[in-house]
Each structure stands twice: as structure tokens, then as C-alpha cells.
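> generate coordinates for the sequence data below:
(one chain, ligands or ions: 1)
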Amino acid sequence: MSDFTMTIDGKAVAGSSRFGVINPATGEVFAEAPECSRAQLDAAMDSAQGAFRAWQADVGVRKKALLDVAEALEARANEIAPVLVREQGKPLKDAFGEVMGAAVWFQVTAGLEIPVEVVADTPENRIEVRRRPLGVVAAITPWNYPLLLGVWKIAPALLAGNTLVIKPSPFTPLTTLMLGAILRDALPPGVVNVVSGGDALGAWMTSHPVPRKISFTGSIETGKKVAAAAAPDLKRLTLELGGNDAAIVLDDVSADAVAEKLFWGAFQNCGQVCSAIKRVYVPEKLYHPLVERLAAIAQGVKVGDGFQEGVQLGPLNNRPQFERVQELVDDARRGGARIAAGGAPLGGKGYFYPPTIVADVAEGVRLVDEEQFGPALPVLPYRNLDDAVERANRTNFGLSGSVWSQDPERATAVAGRLECGTAWVNQHLAIVPFAPFGGAKWSGIGVENGHWGLLGFTEIQTMNVAKKPAGG
Ligand code: NAD
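Numbering: from 1, shown residues only. Reported below is the predicted structural model:
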């Protein structure tokens, strides 16, 4: 497979060279993607800049374009989903769900309004708070949900009247390039440019003089570099970064009542979700039953190539991540942790690691303190609820968290004490296009989704009008 092209100025463009894309189920290169040169990036930025004036003129045109793109994505879901399985590793059903989710995101975003707020209206004076688009947006995405997380940026940026240059992760460039082919048919040239390449291309984008805004999803480490690169030009920033979400189970539930939902809150997409459950705090009396229940579920999960019938979890996406998960589990084991399920790679050529439940660990162990971003879940007992909340909060991460109880009101009160951007009660990973999503503390700056995410692609213009004619 080597017919993937970038989209620059409305045209299909080959790279200055090509790089291989690995199928994580086999560990082998199955396709090639274009490598964008600096000159090609300049061309993409110039094209986005040139398209900005006309694109901001008519919101009706923009809404219709988003709906057309949604339709085209749905129509090509059967073609895109298998490529997503090959480049990302997730099971075909989940890949199909991601493509359809991306279409829904375009649709829901098309229905959002950008309000004009009137803050004064007297016979003499009218003051409106309006929103203007920013200009060119540089968007950079990670490899866990490459298509959906790209659309989280593309759809609102476009609706607000901006133009874009977007770069997917070098591990998963292909489905975003395919989306580029849809966008270049549906939109005027230059409105969306899709470029692909390595991390250096991301750094060129963030320090490029053209973009007025950077919308970045990825790790905290890279997020800090992006913020530093944005500073000299005072580029606007949205950073959606890593998490280390705590789930706190209260003492009024049984292990059976919560285990299945906790498990999938942690292991969906093989744990490669920014806001997956990454630590579970459990009252002492529930600790052993819950560890056992989670381990039993883990042992029953079918792990394999995403194209195999009935597979629930695919491989880890890439070798560095595969090695990192092994390293964190081995480190916990060396520190005295008990591996209740999983705990070693499955062997073979792919990056397969089974769902792993880790007991008898505590803060101070890397698996608990760091973001594992993979299929290994530490379970930690607690004696006192205040202490559990304190431990959940004692971190620089602040993406999301959840509280689990028979009594949703009681759980809501506890959830309100979590220092994070999204708090869930009796669920986790319930992310919807019409509610904001973003991180507290080091997990991010700004939010995506809904009205709030849309406003992040605008800046305020206060229109203060003296109603009397000049000289009158
Ligand atoms: P990463 O930070 O390594 O890479 C993300 C993107 O940044 C890639 O496209 C990469 O090429 C690019 N990049 C790398 N160096 C760069 C630089 N110096 N300047 C500009 N761009 C650069 O992250 P990853 O490993 O691809 O993704 C995993 C991380 O993403 C995890 O920490 C996860 O929690 C986080 N994540 C967060 C969210 C969220 O919404 N908060 C969603 C998904 C993933």
C-alpha cells in the first residue's frame, strides 16, 4: 500500500520521501506514507493562509461542508476502518466505530452556534461580544484514536472559520491522509491541508510563523515543548495531554456490581486512552474480591489481530509503547507487586500484551505514579475515603476520574472533590460531542468539544457602537 498522499492546496501531493507504517499485529511494514519536506509544509501553511479570507465569510457554507464531509466519511467507512485496524491495531468493530464516531462529530459540530452576546443596549450605545476566527490552526494528533481526535480539531476549527494544517502521528498517518482525500473533494483548496512525517515536522509546525493557534493532543512531555514553541509568537494553545485517572470505589457496592465496567473503563483500546482508568482505589473489605473479579475478566478476554472474529483487544500500537508497558509491569513485580492476571507479552511477532491486573502496589511505584497508557491496571486498597481522595489528587495529572457507588448522590459529592477536568459517576470514558473535555493541572490547557471547544478556535472581538452618527 503506497498510494497515500498528502493534501496541500487542494491537491494530492506525494512526499519528498516516504516512511514505512508498521502493522502492530505483525510488527511488519505494510504501507508507506509521504514524508513532508519543509518546503511542502511552507506551501501548506501559505495555502491555508490564502484560503482563510474567503472561508471565514459564510457560516452557512461551512455548516453544509461539515455535513457533506460526515456523509462522505460514512460512505467510505468500510474502506477506512480496515486501514485503521492495520495502522492502529484495534479490532475492526472498534475501528468502524471510530470512523462512524468521527462522522457524528462532524454532524454535531455542524449544529453548534457561535453566539453574539449583547452586554449593553441603550438608546446611545450597543456593546456586543462577538467571536472571530483566529486564522490558520496547526493541529497535531497522537496514535490512539488518530481519526477521531483529528476530527475533534478539524470540525470546530472549520466551523469557527479557521483553516488548518494537520499532522497525524507517524505511527498512524494513513486514515488521516484518507480523510484528507475526502476533505479536498469537499472543501475549497487550502482550507484543510494534511501533511505527514515524523516528530520534527510537528516541531516545524509549532514554530512556523503562519499559524495563530496550535491544537495539540499527545503526551505531557511533548505538550510542554509545544507550549514553549508557541510562546515566541504568542500562538493560542489547546493542549490535550496525558492522564493518570483514578477510579474510587465506595464501600457500598459489591465487586460483582462494578468489576465489568471498571475493567472496560481501563482496558478499552488496550488501555491506550488518555482518559482510561489508570489506578483503582478500593475499600479494604472489597479489595481481594475486586482484584479476583478483575483478574477473572482479564483472563477471559480474547486478544489478537483486530481482523480475527471475536477479538476484543488488539496489540499495543507500537514497539516503544509495548516495551514501556513491559518495563512498568516488570518494575512493579520487582518491587513486590502481585500479578493477578497477565504480566508478560503473548509472544509472536506482534506487540501483544494481555490485560494485566496488578495488586499489592502503592504510590511510589512507577506503574501507579506514571501514565502506563497500556493494558496494565494497578488496584490499590484504602482504609479511609478522605485518604483515597487525597491520594487520587496527589499528582500533576488531572484529566478525569470516577467514583462508583450504590448512591449516585454520595458518589457525586466525592467526585466533586477530584482535581480533574471530567468527573464521572458510575461510569468512565463516557465522552460525548456536546460536552467539554479537557485536563486540569498538567493534563492540559483548554478544552475540546461542544460549544466550549468551539470557542477555543475563536477570539473575542468586543463591538462597542455609539449609536449617534459621527459628527451628529
Ligand atoms: P506524543 O506526544 O509522543 O506525540 C503526539 C504527536 O506530537 C505526534 O503527532 C508526534 O509526531 C508529535 N510530536 C512529537 N514531538 C513533537 C514536537 N517536539 N513538537 C510538535 N509535535 C511533536 O504522544 P503519543 O505517544 O502519540 O500519544 C500518547 C499520549 O497522548 C499519551 O500521553 C496520552 O494520554 C495522550 N493523549 C491525550 C488525549 C487527550 O485528549 N487529553 C487523547 C489521546 C492521547
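> I'd assumed Glu128 was in contact with Val116.
Yes - when contacts are counted by Cβ atoms under 8 Å, Val116 is listed as touching Glu128 (5.3 Å). Just so you know, the C-beta spots here come from the backbone N, C-alpha and C atoms, and that holds for glycine as well.
> who's more crowded, the two?
Neighbour totals were compared for Val116 and Glu128, and Glu128 leads with 15 against 10 (other Cβ atoms under 10 Å).
> in stretch 432-442, what's buried?
Pro433, Pro436, Phe437, Gly438, Gly439, Ala440, Lys441, Trp442 (16 or more other Cβ atoms under 10 Å).
> any idea which element His451 lies in?
With secondary structure defined by DSSP states H and E, His451 is part of helix 450-455.
> from the middle of its chain, how far away would that helix be?
Chain-centre distance of helix 450-455: 16 Å, with Cα atoms, centre = their mean, to the nearest Å.
> next structured bit after it?
strand 458-466.
> just checking, what packs against that following strand?
Packing contacts for strand 458-466, counted by 3 or more Cβ pairs under 8 Å, 6 or more residues apart in numbering; DSSP states H and E, involve strand 125-133.
> hang on, the earlier thing: could you give the mean pLDDT of the helix holding His451?
Mean per-residue pLDDT for helix 450-455: 97.
> tell me what that helix is packed against?
Counting contacts by 3+ Cβ pairs under 8 Å, 6+ apart, helix 450-455 is packed against helix 146-159.
> now for the spatially closest residue to Leu177 that is not a sequence neighbour: which residues touch it?
Computed as Cβ to Cβ, 6 or more residues apart in numbering, the closest residue to Leu177 that is not its neighbour in sequence is Phe4, at 4.5 Å. If you count contacts by Cβ atoms under 8 Å, 6 or more residues apart in numbering, Phe4 has them with Ala31, Glu32, Ala33, Pro34, Pro173, Leu174, Leu177, Met178, Ser196.
> for Gly190, same thing?
Residues near Gly190 by Cβ under 8 Å, 6+ apart: Asp9, Gly10, Ser47, Ala48, Gln49, Gly50, Ala51, Thr163.
> can you flag the buried ones in these?
Taking 16+ other Cβ under 10 Å as the criterion, what is buried in the contacts of Gly190 is Asp9, Gly10, Ser47, Ala48, Gln49, Ala51, Thr163.
> list the contacts of the residue nearest the centre of the chain.
The residue lying closest to the centre of the chain (Cα atoms, centre = their mean) is Leu149, at 4.8 Å. Shown in contact with Leu149 (Cβ under 8 Å, 6+ apart): Thr141, Pro142, Thr217, Glu240.
> if you set the cut-off to 6 Å instead, what comes out?
By Cβ atoms under 6 Å, 6 or more residues apart in numbering, Leu149 lies in contact with Thr141, Thr217.
> and the stretch 51-200 of the chain, which of its residues are near the ligand?
Ile140, Thr141, Pro142, Trp143, Asn144, Leu149, Lys167, Ser169, Pro170, Asp199 (Cβ under 6 Å from any ligand atom).
> just the strands from the stretch 101-250 of the chain, written as ranges.
117-121, 125-133, 136-140, 163-167, 192-194, 213-217, 236-240, 245-249 (DSSP state E, counting those that start in this stretch).
> same thing with the stretch 251-400 of the chain?
Taking DSSP E, counting those that start in this stretch as the test, the strands found in the stretch 251-400 of the chain are 277-283, 338-341, 356-359, 376-382, 400-404.
> columns mean pLDDT on top of these, output as TSV?
Shown next, in TSV, are these (pLDDT from 0 to 100):
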stretch	mean pLDDT
strand 277-283	98
strand 338-341	98
strand 356-359	98
strand 376-382	98
strand 400-404	98
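> out of these, deepest packed?
Highest mean neighbour count among the strands of the stretch 251-400 of the chain (mean count of other Cβ atoms under 10 Å): strand 400-404, with a mean of 29.
> what are the contacting residues of it?
Strand 400-404 is contacted by residues 245-249, 253, 258, 275, 411, 414-415, 418, 420, 422-426, 428 when judged by Cβ under 6 Å, 6+ apart.
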